[in-house]
Every structure is written in structure tokens, then in C-alpha cells.
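Q: All I have is the shape, not the residue letters:
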């Protein structure tokens, strides 16, 4: 069944419930949060001058109890809804579920999202982050490169906590995210059990297993093959854009599935006159298109930052105490898992297993499986879970 | 359910049927076939001095009607059973199903397998192949490198046909293979419909779709990142071993699945004293083990040959006439598809779709799904299909 069909059905059902505007039409602005004093990682390394970007949608209530925190995926940023200016072609990734009367109802909720530490998109003018591409104040303002300390998902949560503290927010109605964002949601629930009422983990897992560790290892190995990577000291020189592009190609294959590519490309040639049987330079359309897309994406990203993100993911185990069950036991929030049936990166089994363990612990936990064939990227079609999400958030 | 448990059940059932020896215990020898005259590819390129290796198990009957041809997968070779000498630790990949009284019963059948053109394992002393690493007789014996003509799965079949011709074989009781070998089996059935009585396609597909084309593109892109690849002209110089090792890492992730890695590794550190949270040089065991394995494997392989194999795969469409249904329509053989439920490379849907189309054409076609969690590599446990295979071969 095609996603489009399902999406229209979901819209029909939704229109009966919410007659108001569907998407978030407002112009948004990336705000900047400067952390006061040094930040100390959970592994006890100090980082000076930490700054991150954040966005908000909706209005914070007088008693600050209507907050939904959104956490972004590994190569994304805090742009979840709206546009930066009227001509902006790329509204935030969950724009279609955020807005007045929508699933994440900005008439009711104050939705907030922040850029992660070591964010990949360092050359995106709308991203504010601190990581290996940042100047090291203890080293004459030279870029950190691989001298930046290792950070974790728990550190991402700690920075978000400081941001919320600065806004006087002491309770989260919900914390929600997909992929790495879903891991942050779970970590929030374990780390601040009295603060988090609801945690929603979309296409996520409770700990990174060997399969996903090795997929990250592959990404890092590819980057390191590019001689321009130069052990990370490439700032101000030619950057490892080719290696980054191939790493992005690898990542793309793990976040999609075969069905979307089948529909889009089939076996068409990039140039109808250039048969791939005649020359290795003659490509299929899928090859040419993805090559172009990943080179484009490589231009806004930073190789070292991705290496740090990869390590943060690899180190993830809910609760960060080398004890997954111990981490899970701390959770007081209602938890909702939303795996994608066709996910080839964070397989639905991972969510089902975490669901079962929490259930066996007597926790308030639920699960809803996205049925599309879009793989890990099916999380973009989160509106499939509309009824479940509205019920869960109420 | 663990593969080991299933394998033992299969053995129990099998032992009721066949009280004789289980594996193929004989010492085997790689034979050499030198093709007479030039070989002309299906795309009309001539290749001189084509030679390939082959192995046989069992005895050819007087009227030469007991032949089972086995075709190997993309990075394998024709070593399917037995050992090269008594101390050999690596019997052939389907050794456990080949032998007297076994599924591929060497008391009844003459089993033959040949090394492909452009075989990957050019430095393996037991592999004989012709490809980009071979000397070009028209160029003073210099290696072909990227000047070797593009070859296809259909060409692999044509070479096998010449080999069988040289042995006076005019009929195939069956042709069988996994992955690229399964595609050859299907191509055989379409190309020589009156010669092939049965075709068995294990973890294969009837044409290469965009998802698998892009996975091959990824492998090639990784190799090309290594500066030692030098556009393929690396023979006699430092070879692109690092690029090849990372490409093999990528390939490994597509042929396995998460479950075998979960069982083998969990989140253990490579060195119990070196916490990956402390340094990017500190690895998890899964990373260290696979790194070592792929560097080992890279030493016996040839990067250019893999690029040619990748292109041969990408060009595969049953019948090689830009008309999949037309290719399928030519088949007269009984066809058996054996997909693996957990396959992340050639998804079981691909086999199911091909099965359905052949069925709708009124062909004699059957399907049996391997239930293990080993992914594409589940084809090693082909003995799960024992009852189906014995019935199909009879």
C-alpha cells in the first residue's frame, strides 16, 4: 500500500476531528542559548562556551506546564515546523503535524526543540551548535577537531535541561523524537523521571546494538578513507567532501528501503543514450541522482561532527549506567514506542523488545507500528499515528 | 529461533531418510578450463585467452544426464564441497548438503561448479579466472585494469555453457545457486530453456532493482575513495587495500542481519580496559573483529574485479533483453525460489514477486522461504529446505 493513500485516509479522519489549519504556517526564528559557565559531560570533561540553537512553536502557558520537547535525529537539527521566511521551500520536518488544532497542537502546547551538541550541519546558517568545528578557547581559538571531548546522548539531554531551566520550565508534558531523537526522549524519561510525564520514541531503540554500532563504524571508516580528512585537521584546508558524500550515501541506504527507490527509479538510465552496459561511466538514474544529492548535502555538513555523533549513538544505552534494565526501571513517564515496520536501521523488533521489558516492569507503555514501506525514514509520516498520539498526549 | 536448533532438527529428519555419510569428505582439485578461440560477450566485445577454474563432485553418468550445475555468489568461487588437502580448514560453502546420500547426492548426481569471469578472489591460489587483473595479450601482457570489457551474468552463463560443451554435457538435471549464483540459475533457464530441467534460485532476484544497484554503487564509491585505487591502475604498486576493506565492511552489513551480531557481540568492548566513552580509538568488539576480518579478506581480493562484478550484477535482468517478462516467458524448467525471510539485500519480496509472475504465466514454479535470522547469508543454511529440495530434484 502506498504511503500517499494512507496519508490521505489519515487526513480525512483528521479533518473530522480538527477543522482548523493543518500545517504550521508561521515564520520561525532560530534562537540562541548560551550556557552559563563550563559544561561538564557525564564522562567528566569540561567544555567552555557551549551554545546551541533552538526553535519554539506556540505559547508557553503562565504556569509553564504545556511544554512538548522535540529532539532531532542524527543528521537533522531543531527545525521541526514553519519557515524561516515566506520564500523558504523547506518547512520543518514535522511541519505537517504541528500547528493550531494539529496533533502537536500549538493552540494548547508550547513546542520547543534544540540543536544537538556536535550537530552535523555546521555550515547551515540556521544551525547553532558546539562541537569539533568550534573554536577552542583554550587553544587560541583554533578549531577543536578531534580534540573535542566525546559526548553522549545523555549530554544532549543535559544541555536541553539547562535550556529549559533558563526558561523556567520544570515539567514536560511530553518529550518526543525520532531515531536519535527517540533515544533522547527515552534518556530524558530515565534521567529526569519526575519532570517527564510522557516520552514518545519514534523509530528508536533503548540501546545501540552491534549492528547499528557497525553501521556507524562504516560511516566513520568511509570518511577516514578520504585523504583530505587528515585525521580531522582539515579546517581551513580542502575538506573531505568526497568521503563525506560517500558516507552520506551509505547512511541513505540504511534509512530508506527498497520500495521507495523502486517506485522512484526502476532501472532507468541517467542518460537514455548512455547504456551502463557500454561503460562504467554510464550510470543508472538512481546512482546519478543520489550522487548529486549527497554531494549537495556534504557541503553543509562537517565530517568530524558526524564522527562525534556516531560515537554518541554508539555509546547510547538508556540511563547510561551500563545497565539497561536499571535505566528502564527509573522511568515514571508514560512511554509510547512508534517503530516503522520497514525500518532497516532501528528494526521494529528493537522497539518491541523495549516495550515488552517496560511492560514486564509494570510501566505504563504503549506501541504503535508505522505501516509504510519507507524504512527508517517512515518517521516523516508520523501522522499515521494521529489517533494514538492525540489519545496519548491527552 | 536459533539456526543451530533448526539445523539439528533438519539433521534428525534427514537421518531418517539418509543413513549414509553426511558431508562430502573427499579431497577435491580445482580443474582448469581454457576456452578455445576468443570469447565474445553478449555486448559484442572480444576477450582472448579466457580461462576459468572448476570443481566436480560425484561421477558423470554414461549418458551424461545426471548433472547439477552450481553457480557461486558474488564474492565466492566454485569451491562448494570437500577440502583441497586433509589439513584444509575450510571445506566448500555447501559441503554440508553435498555428498553420498545427501541432498545433492553424489551417488546419483555429477555436481559441477565453475569460477566466474572477473572473480573477486584473484589472489586465492585455488581460484582461476579472467578479468581486469589478467594480462592483456593485446597490450604486451600488461594487466587489463579498467580496460577489461564489461561482462554480464549472461556471459558467466555462456562461459559455463562452453565448459559443459567441452565435457559433452547437453542436459542439466538442475542448475542452482545463491545470490549472484541464483541469478545465473535463472539466466540459464531463460537462455537454454531446452537444456535446463530445473532451476533453483536461492536468495536471488529476477532483475537488479534500484536499491541493489545503489548498494553496489556504494561499494564502488568506497573503493574509488582510496587514493591507491588510482583509477584502477594499481597493479605492481601499493593496492587499495584500505578502500577494499571498507567496501567489504559495507558488503558484510548487507549480507548479515542484526540478530547474528546481537548473539555474537552484544555491546562488549574490544579491550575490557578501554572504554569507548574515553577515546575514539577505543572500539567495541564488533568493530575490532570485523575490521580484522575485512582486512584479511581484502588481501586475497582484487578491487577492480569487484567493480566488474558489481556492474555485472547491476546489469542483470533475466533474459538480458530489456524485457523481464519476455525473459521469464522463455523458461521451460521447473523453478524453485528459496528466499531468506530476514534477507536485507535481496529481500524475500523479490522472490515472491518473481514467483507470482511465473505462476501467472502458467510455469511450473515453487517457493520455500528460509526462516532463519541470518539475513542474506542464511543461504548457507540451505539444509532447512531439505525435504523441498529432495522432492524438487526427484
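A: Yep, it's here. In this text, all values refer to a predicted model and were calculated from it rather than measured experimentally.
Q: quick one, strands of chain A?
A: Along chain A, the stretches classed as strands by DSSP state E are A:31-34, A:39-40, A:46-47, A:51-57, A:67-71, A:98-99, A:104-105, A:110-114, A:174-178, A:198-202, A:334-338, A:365-367.
Q: Same list (those) but as JSON lines, adding mean pLDDT and distance to residue A:358.
A: C-beta: built from backbone N, CA, C; applies to glycine. Listed next are the strands of chain A as JSON lines, based on pLDDT from 0 to 100; distance: least, Cβ to Cβ, whole Å:
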{"stretch": "strand A:31-34", "mean pLDDT": "98", "distance to residue A:358": "32"}
{"stretch": "strand A:39-40", "mean pLDDT": "98", "distance to residue A:358": "30"}
{"stretch": "strand A:46-47", "mean pLDDT": "98", "distance to residue A:358": "33"}
{"stretch": "strand A:51-57", "mean pLDDT": "98", "distance to residue A:358": "29"}
{"stretch": "strand A:67-71", "mean pLDDT": "98", "distance to residue A:358": "19"}
{"stretch": "strand A:98-99", "mean pLDDT": "96", "distance to residue A:358": "27"}
{"stretch": "strand A:104-105", "mean pLDDT": "97", "distance to residue A:358": "23"}
{"stretch": "strand A:110-114", "mean pLDDT": "98", "distance to residue A:358": "25"}
{"stretch": "strand A:174-178", "mean pLDDT": "98", "distance to residue A:358": "16"}
{"stretch": "strand A:198-202", "mean pLDDT": "98", "distance to residue A:358": "10"}
{"stretch": "strand A:334-338", "mean pLDDT": "98", "distance to residue A:358": "6"}
{"stretch": "strand A:365-367", "mean pLDDT": "98", "distance to residue A:358": "4"}
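Q: With distance to chain B added, can I get those strands in CSV?
A: Formatted as CSV, these follow (distance: least, Cβ to the nearest Cβ, whole Å):
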stretch, distance to chain B
strand A:31-34, 25
strand A:39-40, 14
strand A:46-47, 15
strand A:51-57, 21
strand A:67-71, 20
strand A:98-99, 31
strand A:104-105, 31
strand A:110-114, 23
strand A:174-178, 19
strand A:198-202, 18
strand A:334-338, 17
strand A:365-367, 19
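Q: possible to save the ones you listed as TSV with mean neighbour count?
A: Formatted as TSV, the strands of chain A follow (neighbours: other Cβ atoms under 10 Å in any protein chain shown):
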stretch	mean neighbour count
strand A:31-34	14
strand A:39-40	16
strand A:46-47	17
strand A:51-57	22
strand A:67-71	27
strand A:98-99	26
strand A:104-105	22
strand A:110-114	25
strand A:174-178	28
strand A:198-202	28
strand A:334-338	25
strand A:365-367	19
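Q: Out of these, which is closest to residue A:247?
A: Smallest distance to residue A:247 across these (Cβ to Cβ): 20.5 Å, for strand A:174-178.
Q: and the angle from the closest one to strand A:334-338?
A: Orientation of strand A:174-178 against strand A:334-338 (axes from the mean of the first three to the mean of the last three Cα atoms, to 10 degrees) gives an angle of 20 degrees.
Q: Show me how far strand A:174-178 is from its chain's centre.
A: 10 Å (Cα atoms, centre = their mean, to the nearest Å).
Q: same question, stretch A:297-307
A: That offset, for stretch A:297-307, works out to 15 Å (Cα atoms, centre = their mean).
Q: One more: stretch A:255-267?
A: Here stretch A:255-267 is found 22 Å from its chain centre; the criterion is Cα atoms, centre = their mean.
Q: circling back: would you mind giving the strands of chain A as TSV with distance to residue B:336 added?
A: Formatted as TSV, the strands of chain A follow (distance: least, Cβ to Cβ, whole Å):
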stretch	distance to residue B:336
strand A:31-34	62
strand A:39-40	61
strand A:46-47	60
strand A:51-57	56
strand A:67-71	48
strand A:98-99	51
strand A:104-105	51
strand A:110-114	52
strand A:174-178	41
strand A:198-202	40
strand A:334-338	39
strand A:365-367	37
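Q: what about chain A, any weak spots by pLDDT?
A: A:1-23 (pLDDT under 70).
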